[in-house]
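Novice: got a predicted structure here, sequence first:
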Amino acid sequence: MPWKRKPFVGRDVRAALNIADLREAARRSVPGFVFEYVEGGAEDEVTLRANRDAFAALRFLPPTLRNTEGRSLATKLFDAPCGAPLAIAPTGLNGMLHPQGDIALARAAAAFGIPYTLSALSTTLLEDVAKQAGGRLWMQLYVMRQREIAEDIMRRAAASGYEALLFTTDANVFGSREWDRRNYRRPGRPSRRAMLDTLRHPRWLTQVLLRGGIPRFRNLEMFLPPAAVSAVGGSTIIPQMFAPTISWNDIAWVRDHWSGKLLIKGVLTVEDARRAVQLGCDGVVLSNHGGRQLDHCVAPIEVLAEIATAVGKHLTIVIDSGFRRGTDVAKALALGADAVMIGRATLYGLAAAGEAGAHRALELLTIELERVLGQLGCRAPRELGPNLLRVSSRAC
Ligand SMILES: Cc1cc2nc3c(=O)[nH]c(=O)nc-3n(C[C@H](O)[C@H](O)[C@H](O)COP(=O)(O)O)c2cc1C
């Protein structure tokens with residue numbers, strides 16, 4: 001009989017060898033409709049796939065016989081020390097994946113000395129994250145028609161010591177995640193199949209739903225109509241409340257309410273990056289929202305070099321969407337990013353095992369990044385440069 005490779009099947013995150021293994025553990029740990037919420041992309045998921053394919057088109061050109069002893073991932077972001085050139089991206093509804101939700105992710109980030117970004121749609125109060133997790137905290141902002149909601153979040157985040165505000169700009173017109181929508185009879189009402197599937201995940205049912213109740217949008221609930229407060233009902237109602245009028249003219253309004261670092265998330269063109277410089281922003285996050293918004297969108301890694309060349313001296317450049325390996329992170333750093341934001345990779349860890357799982361995801365990514373750094377003859381992230389990369393015309 002031919003030898004067959006055996007994929008990862010366990011649940012023990014310590015045995016997971018890579019993010020794909022953690023994804024498998026996550027898939028088995030939560031009901032299908034919860035996993036689909038994390039996993040899915042918009043429409044035909046072309047952007048979702050393209051985010052991964054774009055990395056495969058970039059190949060390393062490694063120099064050899066370099067002394068790589070004493071390698072370190074330590075770097076600086078906004079002049080403050082950072083354990084690695086990484087940050088955790090804002091993701092809403094983390095409490096649906098694990099009862100510890102945002103606290104678990106923020107604690108894992110703090111253990112690695114990297115920033116954690118709390119979503120405006122989080123299921124934990126921003127004050128509780130600051131008190132219970134600590135570390136370096138960034139706050140994400142969505143602007144709703146009711147401007148006082150955003151003003152309240154900015155005021156409270158500043159009072160709780162959040163260092164930076166990430167103003168997300170690519171979700172004002174919300175993407176259609178069709179596979180996610182199929183799991184609901186109507187907005188906020190899971191299908192019968194989805195409800196039955198929760199019975200096959202008794203641990204999740206007990207820990208998340210029965211013990212804690214359906215997670216709620218804790219930072220917004222005082223402003224929301226009752227039907228929009230719960231994570232299941234609100235996830236479809238809240239996007240309809242986003243302000244479609246929001247534009248670059250509103251950066252001055254944000255600045256009136258926020259004096260900390262300001263990053264614009266969702267930038268993909270040189271023109272927009274230049275505008276961010278002109279308006280006094282501190283950074284940009286090149287992102288297509290992990291393929292969840294506009295289908296057939298460029299992958300951020302494809303536009304990184306041109307944006308870094310145009311504005312890299314004036315702005316901190318952060319990038320996300322599709323990062324699952326240390327090699328992916330190394331490619332972005334080589335093309336001019338200051339840091340990479342991790343979205344689904346740490347969510348897989350969270351869904352599989354809470355804080356220990358999120359910690360394992362960061363451990364895997366940093367081990368891989370440290371290894372590739374050495375394989376490329378470098379000792380520090382700043383030594384990575386575009387000379388180490390070549391665009392391949394062949395897909396993998
Ligand atoms: C489940 C999920 C929820 C998300 N929620 C938010 C959010 O509330 N605010 C935001 O700015 N981005 C949100 N994003 C986008 C992430 O911040 C990030 O851009 C994306 O996950 C990066 O792609 P990756 O998951 O492939 O790493 C979400 C992404 C996921 C997967």
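Specialist: Thanks, I have the structure now.
Novice: and the helix ranked longest in the chain, average pLDDT?
Specialist: Across the chain, the longest stretch assigned as helix under DSSP state H is helix 344-375. Averaging pLDDT along helix 344-375 yields 98.
Novice: quick one: buried residues of it?
Specialist: 344-366, 368-370, 372-373, 375 (16 or more other Cβ atoms under 10 Å). Placement of C-beta: from N, CA and C, glycine included.
Novice: how far off centre is it?
Specialist: Helix 344-375 sits 13 Å away from the centroid of its parent chain (Cα atoms, centre = their mean, to the nearest Å).
Novice: residues making contact with the helix or strand that that helix is followed by?
Specialist: Going down the chain from helix 344-375, the next helix or strand is strand 389-391, by DSSP states H and E. Strand 389-391 has contacts (Cβ atoms under 8 Å, 6 or more residues apart in numbering) with 57, 58, 59, 60, 61, 331, 334, 335.
Novice: can you add neighbour count and distance to residue 38 and give those back as TSV?
Specialist: Conversion of the contacts of strand 389-391 to TSV gives the following (neighbours: other Cβ atoms under 10 Å; distance: Cβ to Cβ, whole Å):
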residue	neighbour count	distance to residue 38
57	16	26
58	20	26
59	15	30
60	14	30
61	10	35
331	26	24
334	22	28
335	25	27
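Novice: which members of those occur in helices, if any?
Specialist: Those of the contacts of strand 389-391 lying in helices (DSSP H): 331, 334.
Novice: the closest residue to residue 142 other than its chain neighbours: neighbour count?
Specialist: Spatially, and ignoring its direct neighbours in sequence, residue 142 is nearest to residue 120 (4.7 Å; Cβ to Cβ, 6 or more residues apart in numbering). The tally of other residues near residue 120 (other Cβ atoms under 10 Å) stands at 24.
Novice: where is the longest strand in the chain?
Specialist: Criterion DSSP state E: the longest strand present in the chain is strand 261-267.
Novice: ok now that one, how far from the chain's centre?
Specialist: 13 Å.
Novice: wait, what's in contact with the residue in the chain positioned nearest to the ligand?
Specialist: For the chain, the nearest residue to the ligand under the criterion Cβ to the nearest ligand atom is residue 343, separated by 2.2 Å. Neighbouring residues of residue 343 by Cβ under 8 Å, 6+ apart: 89, 91, 290, 320, 321, 323.
Novice: ok, and of the residues you listed, which contact the ligand?
Specialist: 89, 91, 290, 320, 321, 323 (Cβ under 6 Å from any ligand atom).
Novice: biggest separation within those residues, which pair?
Specialist: Maximum pairwise distance in these, criterion Cβ to Cβ, is 13.7 Å, between 91 and 323.
Novice: okay, now residue 259: neighbour count?
Specialist: Residues near residue 259, counting by other Cβ under 10 Å: 10.
Novice: residue 335 against residue 301, yeah?
Specialist: Yes. Residue 335 lies in contact with residue 301 (Cβ atoms under 8 Å); the separation is 7.0 Å.
Novice: quick one on the thing from earlier: packing partners of the next helix or strand after the longest strand of the chain?
Specialist: For strand 261-267, the succeeding helix or strand toward the C-terminus, using DSSP H and E, is helix 270-278. Here helix 270-278 touches strand 261-267, strand 283-286, helix 300-311, going by 3 or more Cβ pairs under 8 Å, 6 or more residues apart in numbering; DSSP states H and E.
Novice: just put the ones you listed in TSV and tack on mean neighbour count.
Specialist: Formatted as TSV, those follow (neighbours: other Cβ atoms under 10 Å):
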stretch	mean neighbour count
strand 261-267	23
strand 283-286	27
helix 300-311	21
